[in-house]
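**Student:** build me a model:
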Amino acid sequence: MTDLRSLSHEALEHLRIHSVKRVQDGEPAVNVARSIGTRPEVVYKWLAMYRAGGWHALRAIPIPGRPPLLDERAMRWIYETVATKSPLQLKFEFALWTREMIRSLIKQKFNVDLSLVSVGKLLAQLGLSPQRPLQRAIERDESLVKRWLKREFPAIRALAQREKATIFFGDEAGIRSDYHSGTTWAPIGKTPVVRTTGQRVGCNMISAISGRGQMRFMITRGRVTSPVFIEFLKRLLHGVKRPVFLIVDGHPTHRSKMTKEFVASTNGKLRLFLLPSYSPDLNPDELVWNHVKNHNIGRMVIDGKDSLVRAVRSVLLSLSKAPEKIRSFFQKSTTAYAAC
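**Tutor:** Numbering: from 1, shown residues only. Next comes the predicted model:
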């Protein structure tokens, strides 16, 4: 632990201000405290001082004034409650935090009545911001996810190293011509119009990516059936010298008798492994579809099925030639476990 009393007034003031700014930028107070060699309560105390009197209150010898309504204990409780718990755990009806809910909690817990604006400022000071949550299926079994992360995938990785195999993650997705994402600038009160085809056409895509930045893909105008998936597997194996370990979800196509027979016929050149059910966030290949849909196709004008297929092929081809981008899909918090 760092003895803060040994610091000069100037150094202590700088440390307080810098630490509060780090928390406001989104770094957990616990991490900030650990990095400067002090207890989390100290950082939360500085946050409480800042909330009560602004940057001036963080001076090494602050001017005495009324104590903050929310002290370091309260600040820590608010942060940990919002950051680590669901409103459902605290008997609210909805699963997403709102300022009204948090205001109610603060009133119940600390008998402090804040306005909604003050609640918003408090959350920002604690490094919390409104974000769109990821959806997670209620059928998901977290124990299976933990087992995958701690035992199953490490075993697959160890086996791949012994057999000098390349690990790929694969997935399928569909896209339609009427899909649009993003925003555009327009006069206030006048909703912009995007001209596109009235036809609702679509196509399906299959891809597989590795942590080394490799990518294979295939486009099909019809459904992804077992024969279609097997055709993709043949393309995935074409020209490779090392065995391929392909990790996919539990879609019936991946578990079909036809698929299993084909995999067996490769005599170990291809092995298929299944992710835990309802766990798309563990698959880096899911980010391929986010890239294709939300950052490319969703912002284009599509005038028919041929136009859609050409656009999708162009985007996927461009992505396959960008290994750094593909490797970045393995850097997200939920997919970093699979990075090389």
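**Student:** C-alpha from now on. contacts and neighbour counts both.
**Tutor:** Noted.
**Student:** any weak-confidence spans in this structure?
**Tutor:** Within the chain, the stretches with pLDDT under 70 are 1-2, 60-67, 132-139, 177-199, 295, 298-303.
**Student:** tell me where it has strands.
**Tutor:** For the chain, the strands defined by DSSP state E cover 166-176, 202-210, 215-220, 244-248, 270-274.
**Student:** TSV for those, including distance to Ser86?
**Tutor:** Shown next, in TSV, are these (distance: least, C-alpha to C-alpha, whole Å):
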stretch	distance to Ser86
strand 166-176	30
strand 202-210	34
strand 215-220	37
strand 244-248	30
strand 270-274	29
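**Student:** got these as CSV, with distance to Asn296 and mean neighbour count columns?
**Tutor:** Shown next, in CSV, are the strands of the chain (distance: least, C-alpha to C-alpha, whole Å; neighbours: other C-alpha atoms under 10 Å):
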stretch, distance to Asn296, mean neighbour count
strand 166-176, 12, 21
strand 202-210, 14, 22
strand 215-220, 16, 20
strand 244-248, 24, 22
strand 270-274, 29, 18
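**Student:** which one of those strands lies nearest to Phe232?
**Tutor:** Closest to Phe232 of the strands of the chain, according to C-alpha to C-alpha: strand 215-220, at 6.5 Å.
**Student:** so which of the strands of the chain comes closest to Leu319?
**Tutor:** strand 215-220 (8.1 Å).
**Student:** so which residues make contact with that closest one?
**Tutor:** 203-209, 228, 232, 235-236, 309, 313, 316, 320, 326 (C-alpha atoms under 8 Å, 6 or more residues apart in numbering).
**Student:** circling back to that earlier point, can you tell me which of the strands of the chain comes nearest to Gly37?
**Tutor:** Of all those, strand 202-210 comes closest under C-alpha to C-alpha, at 39.0 Å.
**Student:** report the angle between the axes of the closest one and strand 244-248?
**Tutor:** 130 degrees (axes from the mean of the first three to the mean of the last three C-alpha atoms, to 10 degrees).
**Student:** sheet partners, orientation included, of strand 202-210?
**Tutor:** strand 166-176 (antiparallel), strand 215-220 (antiparallel) (DSSP bridges).
**Student:** mind putting those into TSV with distance to Ala336?
**Tutor:** Formatted as TSV, the strands paired with strand 202-210 follow (distance: least, C-alpha to C-alpha, whole Å):
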stretch	distance to Ala336
strand 166-176	13
strand 215-220	17
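**Student:** the helices in the chain, which residues?
**Tutor:** 9-24, 29-36, 40-53, 72-84, 99-110, 116-125, 142-147, 153-163, 226-237, 252-255, 257-265, 286-295, 305-320, 323-328 (DSSP state H).
**Student:** care to break the protein down by domain?
**Tutor:** As assigned by automatic domain parsing, the chain contains the domains 4-125, 142-180+195-338.
**Student:** make a markdown table out of those and add distance to Gln131.
**Tutor:** As requested, the domains of the chain are exported to a markdown table (distance: least, C-alpha to C-alpha, whole Å):
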| stretch | distance to Gln131 |
| --- | --- |
| domain 4-125 | 10 |
| domain 142-180+195-338 | 16 |
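**Student:** for Ala338, which of the helices of the chain is the nearest?
**Tutor:** Using C-alpha to C-alpha, the nearest of the helices of the chain to Ala338 is helix 153-163, at 8.1 Å.
**Student:** tell me which residues in that closest one are buried?
**Tutor:** 153, 156-157, 160 (16 or more other C-alpha atoms under 10 Å).
**Student:** the residue nearest to Ala74 when sequence neighbours are not counted: how many residues sit nearby?
**Tutor:** Using C-alpha to C-alpha, 6 or more residues apart in numbering and skipping the chain neighbours, the partner closest in space to Ala74 is Phe110 (7.5 Å). Phe110 has 12 neighbouring residues, counting by other C-alpha atoms under 10 Å.
**Student:** how close does Phe110 get to Trp46?
**Tutor:** 19 Å (C-alpha to C-alpha, to the nearest Å).
**Student:** also Lys164?
**Tutor:** Lys164 is 53 Å from Trp46, by C-alpha to C-alpha.
**Student:** Lys109 now?
**Tutor:** 21 Å.
**Student:** give me every residue that touches Leu149.
**Tutor:** By C-alpha under 8 Å, 6+ apart, the neighbours of Leu149 are Tyr337.
**Student:** could you rerun that using 10 Å?
**Tutor:** 143, 155, 276, 282, 337-338 (C-alpha atoms under 10 Å, 6 or more residues apart in numbering).
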